[in-house]
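Participant: predicted coordinates and the sequence they were generated for:
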Amino acid sequence: MDAMARHWYLVYSKPRQERLALENLARQGYEAYLPLMRHRRRRGRRWVPTVEPMFPRYLFVRLDRLHDNWAPIRSTIGVATLVRFGQEPARVPDDLIGLFRAREGEDGIQQIPPPDFRPGERVRIVDGPFAGYEAIFQARTGKERVEILLRIAGNATRIQIAPGALEPVA
């Protein structure tokens, strides 16, 4: 089979069943891909690091339109449907999948750099003892630290923190 005839297509999974769909597609012999990323979820009063799909409910499968049997995909456990635009299955550029794979670390998780904040931008601290507080971004002090202005009890205090502990305030 010609490798050039194989392309990536978009699969829509059942809610929170992306990993199950990936596992079952692979078990049936399909080449499937689910990009994962680190995320923080609030559990009670704490922020907990998690690994979640980069695109909730979506994963990718590589198929040959002429030679592969597409019928079992729809009935695969965890799969809701194959995404289509009209009658055509949604084809994903190979370059995009290549980009995702190039950004993965050794653990298979996307290595996404922290946002590049501008001085004066409002940020929220999501990790550490000041989690939940809002501050004003001041400057990048090094590769691993940034300086923020934090107001506590009416006083403004400059502190240094890891850039990954911040998120933009919407």
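Facilitator: Perfect, thanks for sending it.
Participant: for the nearest residue to Gln111 once chain neighbours are set aside, give me the pLDDT.
Facilitator: Once flanking residues are discounted, Gln111 sits nearest to Gly105: 4.8 Å by C-beta to C-beta, 6 or more residues apart in numbering. No exception for glycine: its C-beta is placed from N, CA and C like everyone else's. Here, the pLDDT recorded for Gly105 equals 88.
Participant: quick check: the gap between Gly105 and Leu22.
Facilitator: Distance, Gly105 to Leu22, using C-beta to C-beta, to the nearest Å: 18 Å.
Participant: who has more neighbours out of those two?
Facilitator: Leu22 (23 against 9; other C-beta atoms under 10 Å).
Participant: quick check, the more buried one in a helix?
Facilitator: Yes. Counting by DSSP: H, G, I helix; E, B strand; the rest coil, Leu22 is located in a helix.
Participant: check contacts around it.
Facilitator: Applying C-beta atoms under 8 Å, 6 or more residues apart in numbering to Leu22 gives the contacts 32-34, 59, 78.
Participant: for Ile73, see how far away it is.
Facilitator: Distance of Leu22 to Ile73, computed by C-beta to C-beta: 12 Å.
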